[in-house]
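*Asks:* Give me the fold of what follows.
(one chain, ligands or ions: 2)
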Amino acid sequence: MSLYLGLDSSTQSLTAIVLEVDRAGTRIVYEHSFAFDEALPEYGTRHGVLAADRGGHADGGAGVAVSSPLLWADALDLMLATIAASGIDLSRLAAIAGSAQQHGSVYLNATAASVLGHLDPGRVPSAQLAGCLSRPVSPIWMDASTSRECEEITAAVGGPLLLAGHTGSRAFERFTGPQIRKFFTHQPDAYAATSRVHLVSSFLASLLAGRHAPIDPGDGSGMNLMDLASGTWWRPAVDATAPGLAAKLPDIAPSWTIAGTLSAYWQARHALPPARIVVWSGDNPCSLIGTGLVREGLAAISLGTSDTIFGLMREPRIDTTFTGHVFGAPTGDFMGITVFANGSIARERIRDQFGLTWSGFSAALASTPAGNDGRMLLPWFDPEITPLVLEPGLRRFGLALDDGPGHVRAVVEAQMMALALHSKWMQVDVTTIHATGGASANRDILGVMADVFGAEVCQFAVGNSACLGAALRARHADAVARGERLTWDEVVGGVVDRLITLRLQADRERHAMYLELMRAYAAREAQALGRDARPIDSRA
Ligand code: ADP
Ligand code: XUL
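*Replies:* Ligands and ions are numbered 1, 2, ... in the order given. You can find the predicted model right below:
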């Protein structure tokens with residue numbers, strides 16, 4: 001019998017899931033989560049993002065979103081202490097893998113390699129790592145401040161089609177390459193003092209292993225730097241991004257690579273065994289595993305801080321409309337994905353603006369008709385990724401400012417219609433959707449999803465499929481390391497399907513109505529982006 005630990009360091013929280021595997025099957029024996037804002041208030045984050053007076057804007061102006069790598073390190077420490085005190089027999093812990101919010105980058109100086117390997121078990125990680133940072137903050141995926149760098153990189157490599165053809169995406173503001181370029185142009189000395197640029201995922205894997213860990217192709221493809229087909233750095237993009245970058249990037253290695261053994265620091269600090277440390281990946285690639293999408297033709301929608309829609313692809317089909325991305329999948333295949341920044345954060349804004357709880361939010365959805373009697377909004381509270389909106393602000397249509405229920409339905413319908421419209425490029429005939437992420441707990445939201453897509457929606461008992469995916473990846477990588485043959489169907493089989501708690505069917509009439517409404521939504525979106533790009537109403 002072996003135990004496998006999956007960790008998910010997301011935008012707002014850290015989650016852990018422990019799986020127990022024996023001849024009878026795989027079971028979840030432990031699950032725990034805490035929000036960064038509440039567990040580590042000394043960092044002064046709000047929804048996991050550093051507030052302006054805590055270094056948030058010191059780094060660069062409008063559209064900037066940064067967090068603290070030291071916060072993530074201390075959160076890891078807190079989580080491992082909690083797991084160690086949980087009473088589980090951790091001597092059987094065979095491997096640890098992780099998932100992290102994608103695109104965010106951590107900048108380390110030349111002392112890091114040695115410091116990572118010699119941490120003092122008597123002290124918290126942050127106190128010892130602070131001197132290793134060549135940049136005190138980490139830009140994260142919500143950062144929209146690099147349009148100029150996107151243009152420069154695109155021009156230098158020969159246009160968006162070439163960049164997307166190689167890296168899987170045109171240049172996106174939040175992607176790591178444009179972020180690195182901005183750091184280089186704005187803080188050249190600090191860039192020069194950087195000897196290693198990690199992703200959040202590879203930084204945390206390095207911290208666990210006590211040495212620099214590689215990046216996996218899943219998270220590597222969120223950088224605008226990796227050649228998808230070969231899984232190696234694409235030199236023209238690397239050179240276009242910043243001088244000397246090739247020497248600062250970690251290696252890229254398959255998602256099941258063992259990055260090392262849990263370091264002496266963690267073993268001594270929390271009485272943990274020398275478990276295998278598996279290369280970490282991004283939250284979306286991990287969710288692909290955690291929702292059981294190891295075959296083509298299924299889609300998952302994650303309603304987390306961001307909303308995403310994704311599915312596995314055997315071959316990389318590049319999106320020539322440049323809306324979405326092709327990432328590496330942890331199976332060695334590919335995945336198509338479209339990302340929306342205004343996910344849970346937009347739903348929360350409406351909830352809070354009208355003084356609702358989540359059950360009040362659901363009641364408002366239930367009390368309003370599908371189609372919302374024509375009331376509509378474009379949910380761009382924050383800069384939006386899909387479609388690109390750099391000047392945020394809510395756009396309302398036929399919606400009175402004080403109409404709470406109308407706003408609730410309008411935000412959910414807008415999000416579901418946008419998910420459907422902007423995932424057409426994947427050419428997946430969606431008949432079944434696996435819903436995940438915090439808001440997938442909300443059955444009324446899932447009902448709108450089923451009707452808009454005209455598909456069956458499956459709700460899971462575990463909301464955090466990224467974390468479950470990480471735990472399953474730990475199991476898979478451990479089997480590979482031991483020379484065991486284990487297919488991905490065997491890894492997820494009997495685990496993910498058993499977690500389905502609810503299947504919601506679409507209503508035909510409502511689906512037909514939404515197909516019509518989607519046309520109106522698309523027209524309003526086009527109008528807002530084109531003829532009138534200014535916010536119609538940014539008071540909300
Ligand atoms: P992350 O992207 O940080 O991993 P999660 O997937 O954990 O985010 O989702 C957290 C979000 O889920 C919360 O911020 C909250 O907005 C949302 N959420 C939690 N419960 C509900 C609910 N019952 N209805 C709608 N949204 C919910
Ligand atoms: C993916 C993306 C977000 C983050 C945070 O491209 O930007 O989904 O991974 O969850």
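
*Asks:* Every contact and neighbour count from this point should use C-alpha atoms.
*Replies:* Fine.

*Asks:* Spell out which parts of the stretch 151-300 of the chain neighbour ligand 1.
*Replies:* Within the stretch 151-300 of the chain, no position is near ligand 1 by CA under 6 Å from any ligand atom.

*Asks:* and the stretch 151-300 of the chain, which of its residues are near ligand 2?
*Replies:* Proximity of the stretch 151-300 of the chain to ligand 2, by CA under 6 Å from any ligand atom, involves residues 283-284.

*Asks:* Give me the below-cutoff pLDDT ranges for the stretch 151-300 of the chain.
*Replies:* Along the stretch 151-300 of the chain, segments meeting pLDDT under 70 are nowhere present.

*Asks:* Spit out the contact partners of the one residue in it that gets nearest to ligand 1.
*Replies:* Closest to ligand 1 within the stretch 151-300 of the chain is residue 283: 8.1 Å, counting by CA to the nearest ligand atom. Residue 283 makes contacts with 8, 10, 99-102, 466-467, as judged by CA atoms under 8 Å, 6 or more residues apart in numbering.

*Asks:* which helices and strands does the helix or strand containing residue 377 pack with?
*Replies:* Element membership of residue 377, judged by DSSP states H and E, is strand 376-378. Counting by 3 or more CA pairs under 8 Å, 6 or more residues apart in numbering; DSSP states H and E, the packing neighbours recorded for strand 376-378 are strand 395-397, helix 404-421.

*Asks:* Determine which of these approaches ligand 2 most closely.
*Replies:* With respect to ligand 2, and counting by CA to the nearest ligand atom, the nearest of the helices and strands packed on strand 376-378 is helix 404-421 at 13.2 Å.

*Asks:* Contacts for that closest one, please.
*Replies:* 308-309, 338, 343, 346-347, 350-351, 354, 361, 364-365, 367-368, 371-372, 375-379, 399, 445, 448-449, 452-453, 514, 518, 521-522.

*Asks:* Need the winner for burial among the helices and strands packed on strand 376-378.
*Replies:* Mean neighbour count, computed with mean count of other CA atoms under 10 Å, is highest for helix 404-421 among the helices and strands packed on strand 376-378, reaching a mean of 23.

*Asks:* State the mean pLDDT of that helix.
*Replies:* Averaged over helix 404-421, pLDDT sits at 98.

*Asks:* Neighbouring strands - and their directions - for the next helix-or-strand element following it?
*Replies:* Sequence order places strand 432-436 as the next helix or strand after helix 404-421, per DSSP H and E. Strand 432-436 sits in its sheet next to strand 299-303 (parallel), strand 456-460 (parallel), going by DSSP bridges.

*Asks:* mind listing what's buried in strand 432-436?
*Replies:* Neighbour-count burial for strand 432-436, with 16 or more other CA atoms under 10 Å as criterion, is recorded at 432-436.

*Asks:* Spit out the contact partners of the residue in the stretch 351-500 of the chain positioned nearest to ligand 2.
*Replies:* Per CA to the nearest ligand atom, residue 385 is where the stretch 351-500 of the chain lies closest to ligand 2, at 8.5 Å. Residue 385 is in contact with 339-341, counting by CA under 8 Å, 6+ apart.

*Asks:* What of residue 525?
*Replies:* Neighbour list for residue 525: residue 378 [criterion: CA under 8 Å, 6+ apart].

*Asks:* so which helix or strand takes in it?
*Replies:* Residue 525 belongs to helix 508-529, assigned by DSSP H and E.

*Asks:* Now that helix: buried residues?
*Replies:* Quick answer for helix 508-529 (16+ other CA under 10 Å): 510-511, 514-515, 517-518, 521-522, 524-525, 528.

*Asks:* quick one on the thing from earlier: let me have the helices and strands packed on strand 376-378 in JSON lines, extended by distance to residue 191.
*Replies:* Listed next are those as JSON lines, based on distance: least, CA to CA, whole Å:
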{"stretch": "strand 395-397", "distance to residue 191": "39"}
{"stretch": "helix 404-421", "distance to residue 191": "37"}
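
*Asks:* For ligand 1, find the nearest of the ones you listed.
*Replies:* Nearest to ligand 1, of the helices and strands packed on strand 376-378 and by CA to the nearest ligand atom, is helix 404-421 at 10.0 Å.

*Asks:* Put the alpha carbons of that closest one into CSV.
*Replies:* The C-alpha coordinates for helix 404-421 follow below in CSV (Å, rounded to 0.1, in the frame of the first residue of the first chain):
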residue,chain,number,x,y,z
GLY,A,404,-29.7,42.1,-8.4
PRO,A,405,-31.4,38.9,-9.8
GLY,A,406,-31.0,40.3,-13.4
HIS,A,407,-27.3,40.8,-12.8
VAL,A,408,-26.8,37.4,-11.3
ARG,A,409,-28.4,35.6,-14.3
ALA,A,410,-26.7,38.0,-16.8
VAL,A,411,-23.2,37.3,-15.5
VAL,A,412,-23.6,33.5,-15.5
GLU,A,413,-25.3,33.5,-19.0
ALA,A,414,-22.6,35.8,-20.4
GLN,A,415,-19.8,33.6,-19.0
MET,A,416,-21.4,30.4,-20.4
MET,A,417,-22.1,31.9,-23.8
ALA,A,418,-18.5,33.2,-24.0
LEU,A,419,-17.2,29.8,-23.0
ALA,A,420,-19.2,28.2,-25.8
LEU,A,421,-18.4,30.8,-28.5
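
*Asks:* Just the angle for that helix relative to helix 508-529, thanks.
*Replies:* Interaxial angle, helix 404-421 versus helix 508-529 (axes from the mean of the first three to the mean of the last three CA atoms, to 10 degrees): 90 degrees.
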